[in-house]
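Visitor: A predicted structure for the sequence below; I have some questions about it.
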Amino acid sequence: MFDFLKPKGKIMNIRKIDDNFSVTGQITPEQVKDISDAGYKGIICARPDNEEGGQPSFDAVARAAEAEGIQIVHITVSGMLGEGQINRFHDAWEQMPKPILGYCRSGARAGSLYSTLDR
């Protein structure tokens, strides 16, 4: 299902929203080094575990991120954003070093979280 959205090898379709936030589709633990090399200091995952077969778990990505010195937070979004998710994102935004890379299946949910910030 939607194979065009799945990461293929080391290729990521990172879309810069501003200097502090970018979004992408699902990342793999193997891609975290490239994310670190690109200068990202934080990662926010908006995707629930087991949403799709073959998807790496948040814990696997988190272990790779922590090994690279990247802070990572899991804020699962299924459907519409709720107040709890928005509050968790705002807290993470205030506390995490930037720039931050947000990811989910396509990047849309991570972008939706970002759109709730007052800028």
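Guide: Sure, I can see it.
Visitor: all contacts plus neighbour counts: C-alpha atoms, from now on.
Guide: Fine.
Visitor: distance between the ends of stretch 106-119?
Guide: 24 Å (CA to CA, to the nearest Å).
Visitor: quick one: the helices in this structure, in order.
Guide: With DSSP state H as the criterion, the chain has helices at 32-37, 58-67, 83-95, 108-114.
Visitor: in the protein, where is pLDDT below threshold?
Guide: For the chain, the stretches flagged by pLDDT under 70 are 1-10.
Visitor: change it to 90
Guide: Across the chain, the ranges flagged by pLDDT under 90 are 1-12, 79, 118-119.
Visitor: any buried residues in stretch 98-118, and which?
Guide: The neighbour-count criterion (16 or more other CA atoms under 10 Å) identifies 98-111, 113-114 as the buried residues of stretch 98-118.
Visitor: repeat for stretch 20-28
Guide: So stretch 20-28, judged by 16+ other CA under 10 Å, has buried residues 21, 22, 23, 24, 25, 26, 27, 28.
Visitor: how about the CA coordinates for it, as PDB?
Guide: C-alpha atoms of stretch 20-28 as PDB (Å, rounded to 0.1, in the frame of the first residue of the first chain):
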ATOM      1  CA  ASN A  20      13.800  25.100  12.900                       C
ATOM      2  CA  PHE A  21      11.400  22.500  11.500                       C
ATOM      3  CA  SER A  22      11.200  20.000   8.600                       C
ATOM      4  CA  VAL A  23       9.100  17.000   7.900                       C
ATOM      5  CA  THR A  24       9.500  13.700   6.200                       C
ATOM      6  CA  GLY A  25       7.900  10.300   5.800                       C
ATOM      7  CA  GLN A  26       8.800   7.300   7.800                       C
ATOM      8  CA  ILE A  27      12.500   7.100   8.700                       C
ATOM      9  CA  THR A  28      14.600   4.000   9.500                       C
END
